[in-house]
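Undergrad: here's a sequence, model it:
(one chain, ligands or ions: 1)
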Amino acid sequence: MISKRTQEITSFIVMDVLERANEMEREGVHIVHLEVGEPDFDTPACVKDAACRALEDGHTHYTHSLGLFELREAICEYYLSAYGVSVEPDQVIVTSGSSPAIFLVFSALLEKDDEVIISDPHYACYPNFIKFVQGRPVTIPVYEEDGFQYRPESIKEKLTAKTKAVFINSPSNPTGNLLSERRMQEIAALAENRPAPYIVSDEIYHGLVYEGKEHSILEFTDHAFVLNGFSKLFAMTGLRLGYVIAPKAFVRPMQKLQQNFFISANAMVQQAGIAALKEAGKDVTRMKEIYDERRRFMISRLKEIGLGITVEPTGAFYVFANARHISKDSYKLAFDILEKAHVGVAPGIDFGPNGEGYLRFSYANSLDNIKEGMNRLEKYLNR
Ligand SMILES: Cc1ncc(COP(=O)(O)O)c(C=O)c1O
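TA: Okay, here's the model as predicted:
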């Protein structure tokens, strides 16, 4: 019998859309993919070279369970130069992508029925991570007119003796919006009076900000965990490299989890991660400029077509557009758009009940493909 915990894991709907799109492609249909949250850029050459060199140099064995010291040092240098925050290599645990890092944090933090506050909409996988270790996600709706930012006063209302963490993600998947500095400060202040919840900050889209500036939660409080990774900023999704920066008291317990469940992250990829942090600056600037051009184009075209965008997204590579006037069932709508217009989009319901009626468009695709996708969508809507 399959365990209840496993049965309760929900599917990642955007993957269902992608799988149906792939099936159609096998039947010869041309699909424009705006559903997937994965950089279309090739991994920077300096990263690939470092990975190949690492293989040739014999970096094919286990590493220290926390990760290579040089990589952890490079991560600390990055946080110091980007945010002026000082963290030490013994606070960093390197993982195979940020997903295992999320698992480590909630495994170490939650007792049965402990609560974690998350926004609604949120990254689709968050509730599953929390529930799998017997915690309870407590959702707080965030609204289009606020740029989908948390209202700190709404968080306060939901705090209970069981609240162990407040989960933030800025820039956010699926909305592409940034939490303002003021709201981040107010959220960090919730972590100041003991016992207080930890702030868990998923900073995986940091660096992909086109207007304004992102802030690390560590600028405001150290009662926090930072989750980050190389997938998005460095176009390294398939290489699987991430990390968590944790309060010192949690490092040894999380290290034991890592030793038992994962042993260490991939040795050769860790070498590639050092190259990414030290040498890929120019590649990142180039990708960012291109994302920004696509972002501006996509926002203006979606508005022209009649989709609702109240506060323009300024980060990550997503536009979360209001399609409630077209359909209140985003799942059906996304699959209908796929079948009839041959454009893959992510249904808002994938990101929580408050995302219902929205569609998420990813601009991690070429401008030509985005143009074609928008034209197909316009025809579909005018049919
Ligand atoms: C907000 C957010 N966090 C974490 C992840 C997981 O990324 P990875 O495991 O590739 O580091 C994703 C992937 O889409 C994401 O959007």
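
Undergrad: touching the ligand at all, stretch 358-375?
TA: No - against the ligand, stretch 358-375 shows no contacts by Cβ under 6 Å from any ligand atom, the least distance being 9.9 Å. (C-beta placed from N, C-alpha, C; glycine too.)

Undergrad: mind listing what's buried along that stretch?
TA: Using 16 or more other Cβ atoms under 10 Å as the test for burial, stretch 358-375 gives 358-365, 369-370, 372-374.

Undergrad: now intersect those with the strands, please.
TA: 358-362 (DSSP state E).

Undergrad: near the ligand, which residues of the stretch 251-383 of the chain show up?
TA: Checking the stretch 251-383 of the chain against the ligand by Cβ under 6 Å from any ligand atom, there are no hits.

Undergrad: which one of the buried residues of stretch 358-375 is nearest residue 207?
TA: Of all the buried residues of stretch 358-375, residue 207 sits closest to residue 364, with 14.1 Å by Cβ to Cβ.

Undergrad: how about the closest one, nearest residue that isn't a chain neighbour?
TA: residue 317 (4.6 Å; Cβ to Cβ, 6 or more residues apart in numbering).

Undergrad: is it true that that neighbour touches residue 38?
TA: No - contact criterion Cβ atoms under 8 Å: residue 317 and residue 38 do not qualify, at 9.2 Å.

Undergrad: ok so, going back, now, which of the ones in strands among the buried residues of stretch 358-375 sits nearest residue 272?
TA: residue 362 (24.2 Å).

Undergrad: wait, doesn't the closest one sit right on residue 370?
TA: No - using Cβ under 8 Å, residue 362 makes no contact with residue 370, being 9.4 Å away.

Undergrad: list residues touching both of the two?
TA: residue 34 (Cβ atoms under 8 Å, 6 or more residues apart in numbering).

Undergrad: could you export the buried residues of stretch 358-375 as JSON lines, including pLDDT?
TA: Below are the buried residues of stretch 358-375 laid out as JSON lines (pLDDT from 0 to 100):
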{"residue": "358", "pLDDT": "97"}
{"residue": "359", "pLDDT": "98"}
{"residue": "360", "pLDDT": "98"}
{"residue": "361", "pLDDT": "98"}
{"residue": "362", "pLDDT": "98"}
{"residue": "363", "pLDDT": "98"}
{"residue": "364", "pLDDT": "97"}
{"residue": "365", "pLDDT": "97"}
{"residue": "369", "pLDDT": "97"}
{"residue": "370", "pLDDT": "98"}
{"residue": "372", "pLDDT": "98"}
{"residue": "373", "pLDDT": "98"}
{"residue": "374", "pLDDT": "98"}
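
Undergrad: could I get the contacting residues of residue 71?
TA: Applying Cβ under 8 Å, 6+ apart, the residues near residue 71 are 94, 270-271, 273-274, 277.

Undergrad: whichever of these end up buried, select them in PyMOL.
TA: Paste this into PyMOL to select the buried members of the contacts of residue 71, with burial taken from 16+ other Cβ under 10 Å:
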select buried, resi 94+270+271+273+274+277
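
Undergrad: so which of the contacts of residue 71 belong to helices?
TA: When these are checked against helices (DSSP state H), the matches are 270-271, 273-274, 277.

Undergrad: which helix is the longest one in this structure?
TA: helix 281-305.

Undergrad: secondary structure element for residue 156?
TA: Take DSSP states H and E as the rule and residue 156 turns out to sit in helix 152-158.

Undergrad: that helix: which residues count as buried?
TA: Buried residues in helix 152-158, defined by neighbour count with 16+ other Cβ under 10 Å: 152, 155.

Undergrad: hmm, who's touching the helix or strand where residue 24 lies?
TA: Per DSSP H and E, residue 24 falls inside helix 13-26. Outside of helix 13-26, the residues within contact range by Cβ under 8 Å, 6+ apart are 31, 33, 35-37, 124, 331, 334-335, 338-339, 342, 344-347, 349-350, 360.

Undergrad: and for stretch 177-196?
TA: By Cβ under 8 Å, 6+ apart, the list of residues contacting stretch 177-196 from outside reads 147-152, 155-156, 159, 166, 168, 170-172, 197-199, 209, 212, 214-215, 217, 220-221, 223-224, 311, 313-315.

Undergrad: again, only this time at 6 Å
TA: Residues outside stretch 177-196 that contact it (Cβ atoms under 6 Å, 6 or more residues apart in numbering): 147-149, 152, 170-171, 199, 212, 215, 220-221, 223, 313-315.

Undergrad: equivalent analysis for stretch 277-291, please.
TA: With Cβ under 6 Å, 6+ apart, stretch 277-291 has contacts from 41, 44, 46-47, 74, 78, 234, 317.
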